[in-house]
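In: predicted model and sequence below, questions to follow.
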Amino acid sequence: MSDLDVPIYLHPGSSVDVPHVYGNHPQLAGPMWSWGNDTASHVLRVVFAGVFDQFPNAKLMVGHMGEGLPYVLWRLDSRWAWHNHHGIELARPHPSDYIRENLYITTSGVCDNAPLLCALSAMGSDHVLFAADYPFEDVDLATKFLREAPIDEAERHRIAHGNAERLLRL
């Protein structure tokens, strides 16, 4: 897929394997909590399986403001340095290097300035794309959110359509 120079979009969904931690709390299983954690875990499995070492130009895209990954990059690097790696060695020094270089995130389903600003700080505006998460979220709310977000016009342009045009060759 990296030869095609297009991203693969990894989207959460229902699983037959519901962890015990969600037992007696069905509200946690699904889009409110578990889907994001499951998707972020899949992204990390791709990183630690060496997929981006084998295909350094591969692009992976996830929604929902990165499923929490932009906010834990420091901790991933800190614990990777501390951890014994269980026999896994990566070509790049830090797990966050793969997230920052190979992952693209969309704003889908998260219409809040604090996560947007954190994602922009962690990922850079070239790795954030607008999406609305229709039909689960309101398209008008999502567009109003991006239109009014406290970012400069160059960032708004990249997020609104510039990154999609470049990345998806539109």
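Out: On my side now, so go ahead.
In: helix/strand/coil for the residue of the chain positioned farthest from its centre?
Out: Outermost residue of the chain with respect to the C-alpha centroid, by Cα atoms, centre = their mean, is Asn24; its distance is 28.5 Å. The assignment at Asn24 comes out as coil when based on DSSP: H, G, I helix; E, B strand; the rest coil.
In: buried ones in stretch 136-148, by neighbour count?
Out: Glu137, Ala142, Phe145, Leu146 (16 or more other Cβ atoms under 10 Å). The C-beta positions use only the backbone N, C-alpha and C, and glycine is treated the same way.
In: can I get the residues you listed in TSV including pLDDT?
Out: As requested, the buried residues of stretch 136-148 are arranged in TSV below (pLDDT from 0 to 100):
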residue	pLDDT
Glu137	90
Ala142	97
Phe145	98
Leu146	98
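In: dump those to a markdown table, plus distance to Val43.
Out: Listed next are these as a markdown table, based on distance: Cβ to Cβ, whole Å:
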| residue | distance to Val43 |
| --- | --- |
| Glu137 | 21 |
| Ala142 | 23 |
| Phe145 | 24 |
| Leu146 | 24 |
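In: returning to that earlier point: measure the residue farthest from the centre of the chain to Pro12 for me?
Out: Per Cβ to Cβ, to the nearest Å, Asn24 is found 22 Å from Pro12.
In: gap between Asp152 and His161?
Out: Distance from Asp152 to His161, by Cβ to Cβ: 16 Å.
In: those two: who's more crowded?
Out: His161 (13 against 9; other Cβ atoms under 10 Å).
In: thought the more buried one was touching Ala131?
Out: No: using Cβ atoms under 8 Å, His161 is not in contact with Ala131; the gap is 11.5 Å.
In: nearest residue to the spatially most central residue of the chain in space, please, no chain neighbours.
Out: In the chain, the centroid-proximal residue (Cα atoms, centre = their mean) is Gly66; its distance is 2.5 Å. For Gly66, ignoring the flanking residues on the chain, the nearest one in space by Cβ to Cβ, 6 or more residues apart in numbering is Ile105 at 3.8 Å.
In: what pLDDT does that neighbour get?
Out: You'll see Ile105 listed with a pLDDT of 98.
In: can you start the count at 42 instead of 1 from here on
Out: That works, and once the first residue is 42, the last one we named lands at Ile146.
In: quick check: bridge partners of it?
Out: Val103, Val169 (DSSP bridges).
In: was I right about it contacting Lys100?
Out: No: look at Ile146 against Lys100 with Cβ under 8 Å: they stay out of range, at 11.4 Å.
In: more neighbours, these two?
Out: Set Ile146 next to Lys100 and count neighbours by other Cβ under 10 Å: Ile146 wins out with 25 against 20.
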